[in-house]
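>>> What follows is a protein structure lacking sequence information:
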């Protein structure tokens, strides 16, 4: 009798069911007239073997079950071991990728620092150059201002002279025009 058949026949807890004997055993029924033992004519069979992993008697079915269980446990252990190995390898690859990424980022940081330093030096040079140009511009503006004053001072006496010579200059230009017209006619 298989364990599942035993449970179907006697229930999950077989002890109370085994103490209640069915009426197929007349010596044990409520109409019995004798003692507790059945008569010699009656066949009496009470299956009282409870299957458990601790029993010493092993049937062929339970041996196969044990082998199947061992195979399942072995398969599960193999899968678990493969998964552990796979996880370790994946973690190792992940660490290598992370290390490579950090090295690349460190290289980029160093490049950016170098470029930043070079640009800082250029900015300093451009600021110094700008200051020199601004100073030169101020000096040139001062020169232009002083030259404008000097020119103004020089032009003032010439203006007075221009007013005196202007009527004579106008007359001379009129004479030149008249003579050029008479030649052409």
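Sure thing, it's come through. This is a predicted model, so every value here is computed, not measured.
>>> what pLDDT, on average, does the helix ranked longest in the chain get?
In terms of residue count, the longest helix belonging to the chain (DSSP state H) is helix 60-184. Confidence for helix 60-184, expressed as mean pLDDT, is 87.
>>> What degree of burial does residue 79 show, as a neighbour count?
The burial count assigned to residue 79 is 10, neighbours taken as other CB atoms under 10 Å. To be clear about C-beta, it is placed using only N, CA and C from the backbone, and glycine gets the same treatment.
>>> Against residue 73, how distant is it?
Spatial separation of residue 79 from residue 73 under the definition CB to CB, to the nearest Å is 11 Å.
>>> Next: residue 145.
According to CB to CB, residue 145 and residue 73 sit 104 Å apart.
>>> likewise residue 112?
As for residue 112, its distance to residue 73 is 57 Å (criterion: CB to CB).
>>> Kindly report the same for residue 177.
Look at residue 177 and residue 73: by CB to CB, they are 131 Å apart.
>>> Give me the distance between residue 148 and residue 155.
Here the criterion is CB to CB. By it, residue 148 lies 10 Å from residue 155.
>>> Then residue 86?
Using CB to CB, one obtains 98 Å as the distance from residue 86 to residue 155.
>>> ok, now residue 75?
Residue 75 sits 114 Å away from residue 155 when distances are taken as CB to CB.
>>> now residue 106
Taking CB to CB as the measure, residue 106 falls 72 Å from residue 155.
>>> repeat for residue 125
Taken as CB to CB, the span from residue 125 to residue 155 is 44 Å.
>>> Same check on residue 119?
Distance, residue 119 to residue 155, by CB to CB: 51 Å.
>>> Repeat that for residue 173.
The span separating residue 173 from residue 155 equals 22 Å under the rule CB to CB.
>>> now do residue 101
77 Å.
>>> Then residue 136?
Distance, residue 136 to residue 155, by CB to CB: 28 Å.
>>> Also residue 65?
Here residue 65 is placed at a distance of 127 Å from residue 155 (CB to CB).
>>> Which one's more surrounded, these two?
residue 65 (16 against 10).
>>> residue contacts, that one?
Shown here is residue 65, which makes no contacts under the criterion CB atoms under 8 Å, 6 or more residues apart in numbering.
>>> Against residue 78, how distant is it?
Taking CB to CB, one finds residue 65 at 20 Å from residue 78.
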